[in-house]
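> Everything below, folded, please.
(2 chains)
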Amino acid sequence: MSVRIDTIRECLDGVIPGLIATCDADGVPNMAYLSQVQFVDLEHVALSYQFFNKTRQNVLVNPTVRLLLTSHLTAGQYRLSLRYLRTETAGPLFEQMKAKLAGIASHTGMSGVFKLLGSDVYRILDIEQLPGPTLALPPPSVNYLTALRRCSDRLAACDHFENLLNTAVDCLGSEFAIHHLMLLMYDDAGQRLYTLASRGYPASGVGSEIPVGAGVIGVCARERTPIRIGYTTSEYAYGRAIRENAAASGLSAALETAIPLPGLPEAASQLAVPITAFDRLVGVIYVESTADLHFGYDDEDALVAFAAQLGMAIAHHQQVADAAEEPAANEPGPSPPTGKPLAVRHFSGSDSVFLDDDYLIKGVAGAILWALVQDHAERGRTSFSNKELRIDPRIRLPGVSDNLEARLVLLQRRLDERRAGVTLVKTGRGRFALSVERPLQLIAS
Amino acid sequence: MIDHDNAAFIQTGVAISLASCGADRVPNNVRALGCKLVDGGQRVAIFVRASQARAVVANIAENGRVAAVFSLPSSNRTLQLKGSDAQTSAFDTTDLTLIERHTEAFLCEVLPEGVSEIAVRTIHAYSPADLTVIVFTPTAAFSQTPGPRAGQAIVGAA
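Alright, predicted model coming up:
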């Protein structure tokens, strides 16, 4: 019986390179090493096409090839019969392989030599295990089915968005044993992602931004596909990727650069998984490790399944918050605060907000805060609802699909980190309160 | 055909593998366990496990065509030799020391790459009765070291 490709995926990540045998028009065999084999589905794999070499010439003449794969874990050897179908030069599969190849090239001293020209897609005709002894697979570090089951229960029990966010981050740490991670939300209008939560870094980086298309996270968002790299590569390092991408897209001015993106300075393994709901991108889960090849296909599968549930739950909580009834608009607030005034300065062009002289936030979250403190100063308001913010012309929300709950959590977290005496407190579904401990002095610039 | 440098190279801790091709233009391949030069350095003898090399052996019996690749993991230096007079011959047990020596040299190459010793030894495990030899005269040699000159014929490429 033919072996299933999904049961031998550890052979594909190139720890022991694959060997491809081809045959030319005259029947002369040829053999070459392969940098990368990519699992596509149960019936297809993709091989990296990097040079127009003899293998390439032969495949175009005789499309049936034999691939020899070896497991570095079990020592099992497998001979795959494949038939070449097509070459993809853009899109999710190509980007997945391009990113992976950048890591492999860097690891093998081949940066600048290995460049992906295409992803050659092959149909799997047969997989034969060669005779010979094998080792038992070492036990996995995590039982992903159990982890996913527990995560499903925990996500389903969340009663509002912030609770969901905290639970998701806790799940990744406690159930999946991932110690360095970020959860980013997608800003469709701004073509960027903003960090809403993180774990495992000296600073949270909440509010930091990355353009769509930059680094592992940005490519994952653009292609809406998981991107996984097993080795350190400068090609996908964030500082460089953000700078180059922002400059190319003209985003430099608008992009949040005052808040640094968190992240391991020497990440070897990186994995970004898109969070989607109803065919729309919601955000990205990003995890990383200083160990080589830390994340494999199983980790990717588990996170994709987790992200699917998280995406639906985010969409649900956003809908509930947006539909909630408005509170009384002019309910009396607490007695006016006393003490040294806090200067709240707003720059209308970028919606940047500074508390005293310290930068807090800009963009949509900055506009929200400015509207809230204006209403507080003019009418003593402390209670607000999502519903009214959605239609408030001062805020200019990018669209109905924009996740207002996420924007509010971002603002709330920035305020909490600043400890300047202004906070946002959730008071119910789609409702929240502004808490002000010092008199506010509003300055419009 | 094989200069001194390449002759020495293919007998270091290189990964060795063989490819063949049938009349149906479907190729086959197999991993090898070592090699030696015979006939005054004119021919290469490569040791394989018969149980894993059935299809390769069948192709060779049919047309004698073979491609052998030798690659050193630590440097990526890779050489491909091709021939059209390949034959299968019986394994001489006095060559067991060559296989053992090759496994040890190969281990030194791949242990730094993160592959465990037990995995390498298992991949290279054999029973002497299962060993067979494929012998051929190289008529073409190609450098396959990754880079702009990959695939370039060293000598004799038609």
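> ok, residue A:279 - how many residues close by?
6 (other C-beta atoms under 10 Å in any protein chain shown). (C-beta placed from N, C-alpha, C; glycine too.)
> oh sorry, the question was meant for residue A:318
Using other C-beta under 10 Å as the criterion, the residues surrounding residue A:318 number 21.
> Name the SS class of the residue most central in space within chain A, please.
Residue closest to the average C-alpha location in chain A (C-alpha atoms, centre = their mean): residue A:284, at 2.8 Å. Using DSSP: H, G, I helix; E, B strand; the rest coil, the structure places residue A:284 in strand.
> what sits against it?
A:183, A:184, A:186, A:193, A:217, A:220, A:221, A:272, A:273, A:274, A:275 (C-beta atoms under 8 Å, 6 or more residues apart in numbering or on different chains).
> Turn the residues you listed into TSV, including pLDDT, distance to residue A:159 and neighbour count.
Shown next, in TSV, are the contacts of residue A:284 (pLDDT from 0 to 100; distance: C-beta to C-beta, whole Å; neighbours: other C-beta atoms under 10 Å in any protein chain shown):
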residue	pLDDT	distance to residue A:159	neighbour count
A:183	97	19	24
A:184	97	23	29
A:186	95	24	24
A:193	94	26	28
A:217	93	29	31
A:220	95	29	31
A:221	95	28	26
A:272	96	28	28
A:273	98	25	28
A:274	97	25	24
A:275	98	20	30
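> Which members of those are positioned in helices?
Among the contacts of residue A:284, DSSP state H puts A:217, A:220, A:221 in helices.
> The last one is in contact with residue A:280, isn't it?
Read that as residue A:221. No - in this structure, residue A:221 is not within contact of residue A:280 by C-beta atoms under 8 Å, at 11.8 Å.
> what about stretch B:19-31, average pLDDT?
The predicted model gives stretch B:19-31 an average pLDDT of 96.
> can you check stretch A:110-130 too?
90.
> So residue A:45, which state does it fall into?
Counting by three-state DSSP, the backbone at residue A:45 sits in strand.
> Let's have the ones in helices among the contacts of residue A:284 in JSON lines, adding distance to residue A:165.
Shown next, in JSON lines, are these (distance: C-beta to C-beta, whole Å):
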{"residue": "A:217", "distance to residue A:165": "17"}
{"residue": "A:220", "distance to residue A:165": "19"}
{"residue": "A:221", "distance to residue A:165": "18"}
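> Going along the chain, name the helices of chain B.
Counting by DSSP H, the helices of chain B are B:4-9, B:54-63, B:96-110, B:117-123.
> pLDDT averaged over the longest one - what is it?
In other words, helix B:96-110. 96.
> and that helix, what other elements does it pack with?
Helix B:96-110 sits against strand B:27-38, helix B:117-123, with contacts defined as 3 or more C-beta pairs under 8 Å, 6 or more residues apart in numbering or on different chains; DSSP states H and E.
> at 6 Å what do you get?
strand B:27-38 (3 or more C-beta pairs under 6 Å, 6 or more residues apart in numbering or on different chains; DSSP states H and E).
> On the strand side of things, show who the residue nearest to the centre of chain A bridges to.
residue A:184, residue A:274 (DSSP bridges).
> List the contacts of residue B:87.
residue B:135 (C-beta atoms under 6 Å, 6 or more residues apart in numbering or on different chains).
> sorry, back to before: any chance of the helices of chain B in JSON lines, plus distance to residue B:139?
Shown next, in JSON lines, are those (distance: least, C-beta to C-beta, whole Å):
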{"stretch": "helix B:4-9", "distance to residue B:139": "14"}
{"stretch": "helix B:54-63", "distance to residue B:139": "14"}
{"stretch": "helix B:96-110", "distance to residue B:139": "24"}
{"stretch": "helix B:117-123", "distance to residue B:139": "30"}
